[in-house]
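*Asks:* give me coordinates for this.
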Amino acid sequence: MPLAEPGQEPPCETESENLGREEGATEVIEYCPICGHGPALGYASFGELRSSFEICDCCGCEFGYDDNLTHFENWVASGTNWSNPKARPLNWSLEKQLSHTIRPWPPAPPGEKA
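*Replies:* Numbers count the residues shown, from 1 in each chain. Predicted structure coming up:
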């Protein structure tokens, strides 16, 4: 992989790693894009999140493996049960949490329309 010029973002090996790194992208991903659980993640890009293979304590999706809307639909159909019940806040609100989801998910690669 070629090195980046000083002050430039290093080139990404795959298109999926480049998601969220388009010029001017500064948003940090703090919530699970599938169920909205968080804040806690703190990934700098969609590609970084998806290559983490971290598992959400709430919906149980594994980023980069089953982080898709089918997983979300299955989680809802099964009763929105927590993957790690000990992580569920006492004052948990599904409605409030869902306001933090990212749609469409997964996002279209840079240069493509969603």
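
*Asks:* what's next to the longest helix seen in the chain, contact-wise?
*Replies:* Ordering each helix of the chain by length in residues (DSSP state H) puts helix 69-77 first. Around helix 69-77, the neighbours that count as contacts under CB atoms under 8 Å, 6 or more residues apart in numbering are Ile34, Cys35, Cys59, Gly60, Cys61, Asn81, Thr101, Trp105. Every C-beta, even on glycine, is put in place using the N, C-alpha and C of the backbone.

*Asks:* now the last one. Nearest residue, chain neighbours left out?
*Replies:* Counting by CB to CB, 6 or more residues apart in numbering, Pro33 is the residue found nearest to Trp105 once chain neighbours are left out, at 4.8 Å.

*Asks:* so for the residue nearest the centre of the chain, what's the pLDDT?
*Replies:* In the chain, the centroid-proximal residue (CA atoms, centre = their mean) is Pro33; its distance is 4.2 Å. Per-residue confidence at Pro33 stands at 92 (pLDDT).

*Asks:* for Leu90, see how far away it is.
*Replies:* Plainly put, Pro33 is 24 Å away from Leu90 if you go by CB to CB, to the nearest Å.

*Asks:* likewise for Thr70?
*Replies:* 30 Å.

*Asks:* tell me which of those two has more neighbours.
*Replies:* For Thr70 and Leu90, the more surrounded residue by other CB atoms under 10 Å is Thr70, and the numbers stand at 8 against 4.

*Asks:* the closest residue in space to Asn84 that isn't next to it in sequence: how many residues sit nearby?
*Replies:* Setting aside the residues directly before and after it, Asn84 is nearest to Asp57 in space (CB to CB, 6+ apart), at 4.0 Å. Using other CB under 10 Å as the criterion, Asp57 is surrounded by 18 other residues.
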